[in-house]
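Asker: Any chance you could fold what I've pasted below:
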Amino acid sequence: MASTNRIAPTFVLGSKLDPAERQTDARPPPVPPPTLMQSLPYGLAPITSKLKRLGTRTALSISQSWRKGPPANIIRPGAAEDEPLGVTNTAIASSIFFQMLLYFNVQYSIVWFPAMLTSRFLKPKFGVVEAALLVLFLVSEPVRLALGYSGNLQEKVPFVAAFMLLTLFPGLPVCLYFMFVQKHLEPSDKAVGTLMAIFLVLELFTAVHAIRQLIRSQTLKFYLEDYEDVREQLRKGLTLDT
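Answerer: Okay, the predicted model is just below:
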């Protein structure tokens, strides 16, 4: 009896599928999110691309010019000395209110000096103490104002400290003496001396605040001096991918 061999049906992977089944199984590719340029309204994309190219060219030109050093005609407010621009001398530590008080004090001193001299010579008796104190005040006041100006604008702590010492003596005691202690006291002496005393007291308090701000700024610059060499190395080796 002859035996018959039956072959089981086999399924081969990768066989061709029906086009309808292929269309059903296929999934559409994911749509990428729109870029910034595509999400802009119509007409702004060309302008934005031009600005981007312009910014790249500007940054490249600035980096190439600064490789040779900072420009000679650069203007930096705050420091009066002509120093190169860096990380340690870019902050403005000068006090604006203190500078305003000094400015108006100079303007008022132009009126105060002639008024005090006229008052001294019009009195019947002019004492030696009053004359000595007036001469001392007339000599020390211009020096005091000059120290305040230069110390605040040039950010020099010793000048502001000297300004405070000259304000404490002889400025404020002499002014109070002519207001309350002198002989033959006139109402004009109190009227003229009151405004000068207000200037001296306000300048003393603002000078304390200014000198603390200057010391804080100088301390920060001292600790940032170590980063100057690193900044120079980075500036010399700066390259931009264009």
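
Asker: Packing partners of the helix or strand hosting Tyr108?
Answerer: Secondary structure assigned from DSSP states H and E places Tyr108 in helix 96-122. Using 3 or more Cβ pairs under 8 Å, 6 or more residues apart in numbering; DSSP states H and E, the elements in contact with helix 96-122 are helix 128-153, helix 187-224. Any C-beta I mention is one placed from the backbone N, CA and C, and that applies to glycine too.

Asker: I'd like the ones you listed laid out as JSON lines, including distance to Phe178 and mean pLDDT.
Answerer: Below are the helices and strands packed on helix 96-122 laid out as JSON lines (distance: least, Cβ to Cβ, whole Å; pLDDT from 0 to 100):
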{"stretch": "helix 128-153", "distance to Phe178": "7", "mean pLDDT": "92"}
{"stretch": "helix 187-224", "distance to Phe178": "5", "mean pLDDT": "90"}
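
Asker: and Pro114, how many residues sit next to it?
Answerer: By other Cβ atoms under 10 Å, the residues close to Pro114 number 10.

Asker: Tell me how far it lies from Pro142.
Answerer: Counting by Cβ to Cβ, to the nearest Å, the separation of Pro114 from Pro142 is 15 Å.

Asker: ok, how many other residues are close to Thr206?
Answerer: Applying the criterion other Cβ under 10 Å, we find 20 residues in the vicinity of Thr206.

Asker: and what of Lys221?
Answerer: Neighbours of Lys221 (other Cβ under 10 Å): 17.

Asker: Same check on Leu204?
Answerer: Neighbourhood size, Leu204 [other Cβ under 10 Å]: 15.

Asker: need the contact list for the closest residue to it other than its chain neighbours.
Answerer: Closest residue in space to Leu204, ignoring its immediate chain neighbours: Thr167 at 5.1 Å, by Cβ to Cβ, 6 or more residues apart in numbering. Residues near Thr167 by Cβ atoms under 8 Å, 6 or more residues apart in numbering: Arg144, Leu200, Glu203, Leu204, Ala207.

Asker: what helix or strand does the closest residue in space to the first one that isn't next to it in sequence sit in?
Answerer: Distances taken as Cβ to Cβ, 6+ apart put Leu166 closest to Arg144, at 4.0 Å, once the chain neighbours are dropped. Mapping Leu166 onto the secondary structure by DSSP H and E places it in helix 157-166.

Asker: Report all helices and strands that that helix contacts.
Answerer: With contacts defined as 3+ Cβ pairs under 8 Å, 6+ apart, helix 157-166 has these neighbours: helix 128-153, helix 187-224.

Asker: For Ala93, which of these is the nearest?
Answerer: Ala93 sits nearest to helix 187-224 of all these, at 3.7 Å, using Cβ to Cβ.

Asker: in that closest one, what counts as buried?
Answerer: Within helix 187-224, the residues that count as buried by 16 or more other Cβ atoms under 10 Å are 189, 192-193, 196-197, 199-200, 203, 206-207, 210-211, 213-214, 217, 221.

Asker: again with stretch 136-155
Answerer: Neighbour-count burial for stretch 136-155 flags Phe137, Ser140, Glu141, Arg144, Leu145, Leu147, Gly148, Tyr149, Gly151, Asn152, Glu155 (criterion: 16+ other Cβ under 10 Å).

Asker: What is the neighbour count of the residue nearest to the last one when sequence neighbours are not counted?
Answerer: Take Glu155 and drop its neighbours on the chain: the residue closest to it by Cβ to Cβ, 6+ apart is Ala93, 5.1 Å away. Ala93: 19 surrounding residues under other Cβ under 10 Å.
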